[in-house]
Structure formats: C-alpha cells, structure tokens
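Undergrad: Here is a sequence with its predicted model. Questions after.
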Amino acid sequence: MAVNILQVVNLKKRLNNSCRMIILAICAMLSLPALSLQLKESAPQTYTVKKGDTLWGIANVFLDQPWLWPELWRTNTQINNPHLIYPGDVITVGFVDGEPVLTLQREKPSLRLSPQTNKRVKPSPIDVLAWEAIAPFIRQHTFLDEGNYEILPKLLGNQDGNVRFASDDFVLGQTQFSTNSQYQVVRKQDTIKNLQGEILGVQVTHISTASVIPEGQTENAMLLHIDDANQEAKRGDKLLEGGFEYPDSLTLMPATSQRGRVVGDLHDHDLLGKYDVVIIDLGTADVVPGTVMGLYVQGPAIIDDEEPRYVNEPGVSGGGEWFMDTVSQPAMKVGEVIIFKTFDTASYGLITRASKGVTKGFIAANP
C-alpha cells in the first residue's frame, strides 16, 4: 500500500508536539506553589454588617474569590452560619499562622422599654445570597421533561367564545384525574437542547393560577377560575399541579470536577450579563443548589500552517485539517455563576460576575 510521505511527516510533528506539551504540563504541575488565601488589596480592617447585606456580598468585600468564604472564616462558627449574623455586627480581619481570618464582634441586644412590655429588639439575620435577585425567576419559570409537558391538561375555552382569558374569568380545561383543587397555568417558552442537539426539556413560564370549581366539573372537562394572572392566559396553555418550589437558602460551595455548557437562558437574549439567569446542561446528579461555577469562553482551534487559519473558517472542512498541526486555544474565565435550582437534566444559574457578554456554548466549570 502506498504511503503518503507528507502525512507521515505531519503525523510525526504532531506526536512530537504532543509529547512536548505533556512534559511541559507535568513540569508546570510539579512547580505550582500551594495556594494561599489572599485578601484584596482594598480589603478593610473592619466591616460593619448593614441591612440588606449577604454572606456572598460581604465575602466580595474581602476576596476576589467569594466562594472561598468558609476558608476565610474557618475559625469562627458564627460566621459559618449566615443565620447568626445580623446588621450591626462588626467583622474584623486577623491572622492565624500568617493566614487571614475573620472574627465577629457583636453588641448586646438592646431593650425597648414601655409601660406595658419589655421587648428585646433583634434584627433579621442576613442571607447567603440576595433572594430578591432570584425570587422572580424561581416563581415564574420552571423546567419540565418534554414528555411530561405534552401530557399536561390544557385550557379549552369559555362560554363567550374568547381565546384569551384574564383574572376572574371562568374557563374550561381538560379533565385531570386528580383531587388537586388549584393549578398553575403555564406556557411553553422554549425547547432546550444541548450542543449535540439532544432535547433536555421544555422551559415553561408561569401565566396565572387557576382554581377548580367543583360544581362545574363534567366527565370531559373541568371549570376553572383564573385567580391571579401575570398576563392573559390563552387556549392551549397547560395546567400544572402545585407551585414552583424553591429552597429557603443556599449553602455556597465551589464546583470541583463538574463541567457543563450554557445551553439557554430565560428570556432568549443574545448576550447575558450580571444577574441574568442561564440554563446549564448539568442536572441534579451533577450539581446541587449553591454550587459556584466559573464561566469560560474558548476560541476556535487554529490550524498552524504556512497561512494560519481557524478551523471554523469558510473553506476549512472535510476533515483535511486532521493532517495538519492545530493549536487549541485556552479557555479564558469571563465570569461566575451560582446554581440555584436543579432539574433532572439541566439547572438554573444566576450570573454574579461577567467581564463580557455570556452566550450559549460558554463553558461552566470549577471557579
């Protein structure tokens, strides 16, 4: 069999390059110093907790990597529990064995005296994360398996022949064999797929709540009262039992070996930034609420030829680049995201930092 000498030469070059890269990587790993916790140069010596503060926000005052807060506060059991931190508490920087740590100083609770009662005044403890930034997304959006979405009962119409329905309207819906007396009216927003084109599920939006009117139930339909509509419901909208559950708080932790991709968002925007919500193709088996992940972007591989080209340039196709030297670009970190709700095949994440617009395809990995 004839051997293409050019192919042999290129293959030898690639093998030599791979060997050099492996040796360099091993040397780099052996020479890495142990990581030490570093305070920001702008970190204050003391910080007084204010109303509206969060554990994440306070950590941001002291660290460039706020998910490392348990390490910074490792000697203080009060600070490890955000529900024991209150406005007015003073956080002070100290050092143990050369490593920075934080301690908590608190004044005694005050007493408010009146002729009738003695009332101990104590403010509400701070949260781990600002729930007001997350609550609208949790309460108005959820993610369903495509098959489960398709079999949900739907709105049919009303006596006036309307196609749209507002609060206080009565509407017929398909009969649901359930004793449930209240439903969420939801609408399909998008079908979410991974980067290989496989369907992960259906993104749905909350439209309104609807209560069953027992006297109006028949064998083929049930009568519903539209209780509280965010927007007009319409024929064909689906009926989902129960509410949109969410946790009371989050315990933050950095991701380790998990790696996923941004596969969508809640509003179908081209570019996303801080406090936007992304959908990541990691489910409950991969991450838990509170997982902090870095967001990375990787440019296209470059063909190292006489005239360098990107592999995705027009005219570079058909697998011919397999016989050429290609250079993979490093993934550059551009932001961070906190997973706050997980489903079987995907998760919602709140972007907490972004140095550039985040789009579909960005990598989510350890921070």
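TA: Yep, it's here.
Undergrad: if you average pLDDT over stretch 235-255, what comes out?
TA: Mean pLDDT, stretch 235-255: 79.
Undergrad: who's in contact with the residue nearest the centre of the chain?
TA: Residue closest to the mean C-alpha point of the chain, counted by Cα atoms, centre = their mean, is residue 349 at 0.7 Å. By Cβ atoms under 8 Å, 6 or more residues apart in numbering, the contact list for residue 349 reads 277-280, 293, 337-340, 364. All C-beta atoms are positioned from the backbone trio N, CA, C, and that covers glycine.
Undergrad: I'd like to know how far residue 345 sits from residue 281.
TA: Residue 345 sits 7 Å away from residue 281, going by Cβ to Cβ, to the nearest Å.
Undergrad: what sits in contact with each of these two?
TA: Both residue 345 and residue 281 are contacted by residue 200, under the criterion Cβ under 8 Å, 6+ apart.
Undergrad: Residue 328 - nearest residue in space that isn't next to it in sequence?
TA: Excluding its sequence neighbours, the residue lying closest to residue 328 (Cβ to Cβ, 6 or more residues apart in numbering) is residue 301, at 5.1 Å.
Undergrad: list the contacts for that neighbour?
TA: With contact taken as Cβ under 8 Å, 6+ apart, residue 301 is in contact with 310-311, 326-329.
Undergrad: about what we covered before: I'd like the contacts of residue 349 as TSV, with neighbour count appended.
TA: Formatted as TSV, these follow (neighbours: other Cβ atoms under 10 Å):
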residue	neighbour count
277	22
278	26
279	25
280	26
293	26
337	29
338	23
339	27
340	22
364	29
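Undergrad: So which of these belong to strands?
TA: Counting by DSSP state E, the contacts of residue 349 place 277-280, 293, 337-340, 364 in strands.
Undergrad: Let me see the ranges of the helices in the stretch 101-250 of the chain.
TA: Using DSSP state H, counting those that start in this stretch, the helices of the stretch 101-250 of the chain run over 131-140, 146-150.
Undergrad: so what's residue 336 up against?
TA: Contacts of residue 336 by Cβ under 8 Å, 6+ apart are 67, 292-295, 351-353, 367.
Undergrad: so which two of the residues you listed are the farthest from each other?
TA: Spatially, the most separated pair among the contacts of residue 336 is 67 and 351, at 14.1 Å (Cβ to Cβ).
Undergrad: So which of these two has more stuff around it?
TA: Neighbours were counted for residue 67 and for residue 351 using other Cβ atoms under 10 Å; residue 67 has more, 23 against 20.
Undergrad: That one touches residue 254, doesn't it?
TA: Yes - the pair residue 67 / residue 254 is scored as a contact, 4.6 Å apart, by Cβ atoms under 8 Å.
Undergrad: one step back: could you tell me the least trusted of the helices of the stretch 101-250 of the chain?
TA: When the helices of the stretch 101-250 of the chain are compared by mean pLDDT, helix 131-140 comes last with a mean of 69.
Undergrad: Can you pull the poorly scored residue ranges out of the stretch 51-200 of the chain?
TA: Filtered on pLDDT under 70, the stretch 51-200 of the chain yields the residue ranges 70, 74-75, 77, 80, 82, 107-123, 130-133, 135-138, 177-178.
Undergrad: The stretch 201-350 of the chain too?
TA: For the stretch 201-350 of the chain, the ranges with pLDDT under 70 are 243-249, 315-324.
Undergrad: Please enumerate the strands of the stretch 51-200 of the chain.
TA: Ranges of strands in the stretch 51-200 of the chain, per DSSP state E, counting those that start in this stretch, are 90-96, 99-105, 110-113, 118-121, 141-144, 155-157, 164-165, 170-174, 182-193, 199-213.
Undergrad: Name the stretch from those strands that approaches residue 305 most closely.
TA: In terms of Cβ to Cβ, the element of the strands of the stretch 51-200 of the chain nearest to residue 305 is strand 182-193, at 33.9 Å.
Undergrad: Parallel or antiparallel, list what pairs with that closest one.
TA: Here strand 182-193 is paired, per DSSP bridges, with strand 199-213 (antiparallel), strand 238-241 (antiparallel).
Undergrad: Columns mean neighbour count and distance to residue 264 on top of the ones you listed, output as JSON lines?
TA: Below are the strands paired with strand 182-193 laid out as JSON lines (neighbours: other Cβ atoms under 10 Å; distance: least, Cβ to Cβ, whole Å):
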{"stretch": "strand 199-213", "mean neighbour count": "20", "distance to residue 264": "7"}
{"stretch": "strand 238-241", "mean neighbour count": "20", "distance to residue 264": "19"}
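Undergrad: I'd like these as TSV, with distance to residue 60 appended.
TA: Below are the strands paired with strand 182-193 laid out as TSV (distance: least, Cβ to Cβ, whole Å):
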stretch	distance to residue 60
strand 199-213	30
strand 238-241	37
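Undergrad: just so I know, which of these lies nearest residue 287?
TA: strand 199-213 (14.2 Å).
Undergrad: Now that closest one - C-alpha only, PDB.
TA: Extracted C-alpha coordinates of strand 199-213, given in PDB (Å, rounded to 0.1, in the frame of the first residue of the first chain):
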ATOM      1  CA  ILE A 199     -33.600  17.700  23.800                       C
ATOM      2  CA  LEU A 200     -33.000  18.300  27.500                       C
ATOM      3  CA  GLY A 201     -36.500  19.500  28.300                       C
ATOM      4  CA  VAL A 202     -39.100  22.300  28.000                       C
ATOM      5  CA  GLN A 203     -38.700  25.800  29.500                       C
ATOM      6  CA  VAL A 204     -42.100  27.000  30.800                       C
ATOM      7  CA  THR A 205     -43.400  30.300  32.100                       C
ATOM      8  CA  HIS A 206     -46.000  30.900  34.800                       C
ATOM      9  CA  ILE A 207     -49.000  32.700  33.400                       C
ATOM     10  CA  SER A 208     -51.600  32.600  36.200                       C
ATOM     11  CA  THR A 209     -53.100  30.500  39.000                       C
ATOM     12  CA  ALA A 210     -56.400  28.700  38.400                       C
ATOM     13  CA  SER A 211     -58.800  27.200  41.000                       C
ATOM     14  CA  VAL A 212     -61.200  24.300  40.200                       C
ATOM     15  CA  ILE A 213     -64.900  25.000  40.600                       C
END
